[in-house]
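Participant: attaching a predicted model along with its sequence, questions to come.
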Amino acid sequence: MSSGDAISPPLAPAPAVAAAPVAAGRRPRGVWAIAWERFRRHRLALAGLGVIALLVVLTLFAPLISPYEPNATDLGSMLEGPSRAHPMGTDELGRDLFTRILYGGRVSLAVGFLAVALSVTIGTAVGALAGYFGGWLDNGLMRFVDFMLCLPTIFVLILLATLFGTNPVTIVVVIGGLRWMGTSRLVRGSFLSLREREFVEAARCLGAGSGRIILRHILPNSAGPIIVAATLGVAGAILTESSLSYLGLGIQPPMASWGNMLRNAQSQLVRAPWTAIFPGLMIFVTVLAMNYVGDGLRDALDPRKSEGSARR
Amino acid sequence: MTGYLLRRLLQAVPLLLGITVVVFVLLRATPGGPLSGYEGDPGITAEDVARLRQQMGLDVPTPVQYVRWLGAFLRGDWGWSLVTRRPVLEMIAERLPNTLLLMSVAFAVSLLLAIPLAVVSATRQYSLFDHAATLFAFVGNSLPTFWIGLMLVMIFSVGLRWLPAGGMYTLGEPFSVADRLRYLILPVTTLALSAATQHTRYLRSSLLDVIGQDYVRTAYSKGMRERDVVRSHAFKNAAIPLVTVIALELPLLFSGALITETIFAWPGMGRLFWEAAGRVDYPVLMGIFTVAAGLVILFNLVADVVYARMDPRIAYR
């Protein structure tokens, strides 16, 4: 019969909800609306969100924005500084840097987001199972997490990249596969506390199976920290990808990625510093924006903060 | 506590073994390998390759190789590098002090930066200094380490020619502290900047938590000066999570900041790994991995113990 659908509780307590103005006949605002309101108050976080959105749009519409092909070499104009024809200059093969930044942005952003999507999925699955079922499963899974945590990450990263090749899919899997442990601990903690709550008991009484309880009831309530971790994770993943590409193990040329553009730029550092400055700047701006967004989200979604508290 | 310690140590052994197995198998699965350079080389016959393979011990099945390696490893024989033919233990022991030097100086500098920044930032929350410090922390966190390194080299080595771009000391010259310092400055700055931002953020938010507590308010209301409150109460308590974080970062002291070492041509463990990985030098890689993983496990344990000692509220069954 009904499997506890009606009993989806609001996020933990209520100073925020209680403080929300309830005009006559108007429903109290939902949790996400409140969070959005709080997020909006962080100007830096909003700015960060705007920057990310702008970057995504720019990189998606790269072919429409730039007349050049990212891999089109033009040996007549190698290593030219920024000019009207080439807003960010050209690299050592005469390729327009601005175009490569846009196309490279596609790759770097995609790898970042996908790697985090993967790591959040794995981490949530592991954490949810461990936290909900406890006992043997919990022990076993946590041992596995400990094991993964003991692997010296950067070494394993390099090893795996050397082993399995350097196509973008592998990179995503490698980065994502080494990042999920933090999320799993977070989710496990959250599930451990939430599974004792009354709404879970009620759902069980109404006949909800474990799967339904996990997905439909507990998970939405754990979503806050997961979202924050995911956002900050994207920042980290982009940094990791750029480090890998810089070492030569990430995305391979001629495909552009901000990291391998920096690698190429190393030898031109003196003659053409813009080849290093612009890609680095893009990485910096993106990661900074994500960090601010994550910070804003953390404040916005934290149920312990009352409505009126100022930003930390 | 002793029971807990013993249990953790006992658990650590299979963990470490497991890691060595996984790494060993992974390494053997690598398509390249120390002999791959010889394939297709007309100067080397198939028998030569087979002989080399047998000399390197690569002709037996992987599990046998692993057991051989394990037995030798435990007896202190870490094998010989397949590339340089030198004992692995010697190579690691040679590079280890360099990495230690670099990382410990960087760590110290980072803490020297982070602690005052965080303390002032937390005690003067929302002030200009606080905003500036937080901005610094954010910015530093968002810059890739290698980019910081590159920019530093560009400015100070290439542009201004004040500092050397790489290496550890001037070749051919007698040992001098000043010389070593010159070579240390850039890599240490690169590492310390990244580390300091993390430490500042951590310590600041931890201090803010503590300062909001009741006992701090009591201390103030007793008339204690801010400086004393911070020193005797706030900082000590706020330092606890920071100590844990540092203890967990300590293994990095040994595995070294690989990228920084590569940029600055610093002869350390991180670079050793990088070189070995490029040539798939199994024994060296196994040695480094085992050391690094062992240290991670050890320092996890140390972190837990220190945390328990510092915070009397924690009791381990």
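Facilitator: Yes, it's here. Numbering: from 1, shown residues only, chains lettered A, B, ... in the order given.
Participant: residue 98 sits in which helix or strand?
Facilitator: I'll assume chain A. Element membership of residue A:98, judged by DSSP states H and E, is helix A:97-133.
Participant: the chain in question should be chain B.
Facilitator: Per DSSP H and E: helix B:88-123 holds residue B:98.
Participant: and the next helix or strand past the least confident helix or strand in chain B by mean pLDDT?
Facilitator: Within chain B, confidence by mean pLDDT, DSSP states H and E is lowest for helix B:235-255 among all helices and strands, at a mean of 74. Per DSSP H and E, helix B:235-255 leads on to helix B:258-263 as the next helix or strand towards the C-terminus.
Participant: quick one: average confidence on that next one?
Facilitator: Per-residue pLDDT values over helix B:258-263 give a mean of 85.
Participant: before we move on, what about stretch B:281-296?
Facilitator: Stretch B:281-296 comes out at a mean pLDDT of 84.
Participant: for residue A:73, which non-adjacent residue is spatially closest?
Facilitator: In space, and not counting its chain neighbours, residue A:73 is closest to residue A:93: 4.3 Å by C-beta to C-beta, 6 or more residues apart in numbering or on different chains. For the C-beta atoms, the positions are set from N, CA and C on the backbone; glycine is no exception.
Participant: which residues of the stretch 51-200 of chain B fall in helices?
Facilitator: Secondary structure of the stretch 51-200 of chain B by DSSP state H, counting those that start in this stretch: the helices cover B:62-74, B:88-123, B:128-142, B:145-152, B:177-211.
Participant: before we move on, what about the stretch 101-250 of chain A?
Facilitator: A:135-150, A:153-164, A:168-177, A:180-194, A:198-205, A:210-212, A:219-247.
Participant: name the element residue 286 belongs to?
Facilitator: The chain I'm using is chain A. Assigned by DSSP H and E, residue A:286 falls in helix A:274-301.
Participant: that's the wrong chain, I meant chain B
Facilitator: Assessed by DSSP H and E, residue B:286 sits inside helix B:282-310.
Participant: next, the angle helix A:135-150 makes with that helix.
Facilitator: 120 degrees (axes from the mean of the first three to the mean of the last three C-alpha atoms, to 10 degrees).
Participant: now the angle between helix B:62-74 and helix B:282-310, please.
Facilitator: 60 degrees.
Participant: can you tell me how far the residue nearest the centre of chain A sits from chain B?
Facilitator: For chain A, residue A:234 is the residue whose C-alpha lies nearest the centre (C-alpha atoms, centre = their mean; 2.7 Å). Residue A:234 sits 12 Å away from chain B, going by C-beta to the nearest C-beta, to the nearest Å.
Participant: just to check, that residue is in contact with residue A:117?
Facilitator: No - here residue A:234 does not reach residue A:117: they are 9.2 Å apart, not a contact under C-beta atoms under 8 Å.
Participant: residues of the stretch 151-300 of chain A that sit close to chain B?
Facilitator: Within the stretch 151-300 of chain A, the positions near chain B by C-beta under 8 Å from any C-beta of the partner chain are A:151-152, A:154-156, A:158-160, A:162-163, A:235, A:239, A:242-243, A:246-247, A:259, A:262, A:266, A:269-270, A:273, A:276, A:280, A:283-284, A:287-288, A:291-292, A:295.
Participant: in PyMOL, how would I select just the buried ones from the residues you listed?
Facilitator: Selection command for PyMOL covering only the buried members of those, criterion 16 or more other C-beta atoms under 10 Å in any protein chain shown:
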select buried, chain A and resi 151+152+154+155+156+158+159+160+162+163+235+239+242+243+246+247+259+262+269+273+276+280+283+284+287+288+291+292+295
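Participant: how about the residues of the stretch 201-317 of chain B by chain A?
Facilitator: Residues of the stretch 201-317 of chain B lying close to chain A by C-beta under 8 Å from any C-beta are B:205, B:208, B:251, B:255, B:258-259, B:262, B:273-274, B:277-278, B:280, B:285, B:288-289, B:292-293, B:296-297, B:300.
Participant: where does pLDDT dip in the stretch 1-150 of chain B?
Facilitator: B:1, B:30-40 (pLDDT under 70).
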